[in-house]
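1. sequence first, then the predicted structure:
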Amino acid sequence: KGTERLKVMREEEERKCSELRLKLAKNSPSVSDPISAIRNVLSKIFDNIYDAYVYFDQEGNWKVTPSTFVQLCKRMKFPLTHLDIVSAVRTKLLPSGVIDAMEFVTTFAWESLTPKLKLRMVPVVVNPGEEELYKHFYRFTE
């Protein structure tokens, strides 16, 4: 009888330990660089970083609060733990306690923010006498 009771108690304790391990695993960091992980997930969901920002700026005030960011990441089922998301947000919080548009875009952008434009400037002379002055300000680029 005593041995049977000990066996049942041990199984119960092992079950509790197993549940506790699962809870710990859910709440411990799963990646070493959560910002890169978030950037990677955003790149798969949104066409560009600006669309992502519009989604996260739920209030439309050009600021994303930490709680909103975490809540929306959970809603989109990011494959990251709560701690991963929170640690990424904490590293980018401004003194005001929010992430502004510029900080969000520069932190989470997965593509170059500088458009690769090829511009060709064409000189326009308002007055023929000003042609000499204007030619110093125009460059032709390929």
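-> Received the coordinates, thanks. Numbering: from 1, shown residues only.

2. switch to C-alpha atoms for all contacts and neighbour counts from now on
-> Fine.

3. elements contacting the host helix or strand of Arg39?
-> Using DSSP states H and E, the element containing Arg39 is helix 34-45. Counting contacts by 3 or more C-alpha pairs under 8 Å, 6 or more residues apart in numbering; DSSP states H and E, helix 34-45 is packed against helix 49-56, helix 82-92, helix 101-108.

4. which residues are in contact with the most centrally placed residue in the chain?
-> Most central in the chain under C-alpha atoms, centre = their mean is Phe108, positioned 4.0 Å from the mean C-alpha point. Taking C-alpha atoms under 8 Å, 6 or more residues apart in numbering, we find Phe108 in contact with 35-36, 38-39, 42, 49.

5. any idea how far it lies from Val89?
-> Using C-alpha to C-alpha, to the nearest Å, Phe108 is found at 11 Å from Val89.

6. now the top helix by length along the chain: buried residues?
-> Across the chain, the longest stretch assigned as helix under DSSP state H is helix 2-27. For helix 2-27, the buried set under the neighbour-count rule, 16 or more other C-alpha atoms under 10 Å, is empty.
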